[in-house]
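A.B. asks: Sequence unavailable; structure follows:
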């Protein structure tokens, strides 16, 4: 491992420890855990932090507010939370990425170049997912086990839909190529209505 990689790894572990201690001492937060590569024990030096944070009900209306579904912005309350751990260089929210309900905010911290996927979940919707690396918990949370794998028929149906969609988009792009427009992205809504 290079010196730069070692430095990044140490900075990420220090950030994780700082986040854990700070959130654990804050009455607004009930629990926190890591998902993704950390939960599976497969993290690499470049792995991000997929952080799930359970917000106490009395604070969830503000911290888990969704005044927009997606955008390069966040609420003042979430920004105050995130900036406790460094200056954000990039903030981008896509709340549909939080499958448990609540919010999803990608934060890239300026000085360390570490990214944290912050998923804030109201306590009433929280389930500890599996696998998860629990950082702390002030209350017992129900465990959400992985869903049953899809049947062969469901897999075949999904594959058929995806292949069909691919060919539909590919065929609609023929018009772009015939007109010499190799850059124009396909607007599916427009093309599908032709």
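C.D. replies: Nice, I can see it. Predicted model, so just to flag it, every value in this text is computed and none were measured.
A.B. asks: what does the host helix or strand of residue 77 rub up against?
C.D. replies: Using DSSP states H and E, residue 77 maps to helix 76-82. Helix 76-82 has contacts (C-beta atoms under 8 Å, 6 or more residues apart in numbering) with 62, 63, 65, 74, 88, 91, 103, 105, 107, 116, 118, 120. In short, each C-beta sits where N, CA and C put it, glycine included.
A.B. asks: Just the buried ones from those?
C.D. replies: 63, 65, 74, 88, 91, 103, 105, 107, 116, 118, 120 (16 or more other C-beta atoms under 10 Å).
A.B. asks: Can you get me a residue count around residue 23?
C.D. replies: 21 (other C-beta atoms under 10 Å).
A.B. asks: for the one 5 residues further on, same thing?
C.D. replies: Each residue near residue 28 was counted by other C-beta under 10 Å, and the total is 17.
A.B. asks: Find the centremost residue of the protein, please.
C.D. replies: Taking C-alpha atoms, centre = their mean, the centroid of the chain lies closest to residue 117, which sits 4.6 Å from it.
A.B. asks: So that residue lies in a helix, does it not?
C.D. replies: No: when classified by DSSP: H, G, I helix; E, B strand; the rest coil, residue 117 is found to be strand rather than part of a helix.
A.B. asks: Look up the residues forming beta bridges with it.
C.D. replies: For residue 117, the beta-bridge partners are residue 50, residue 106 (DSSP bridges).
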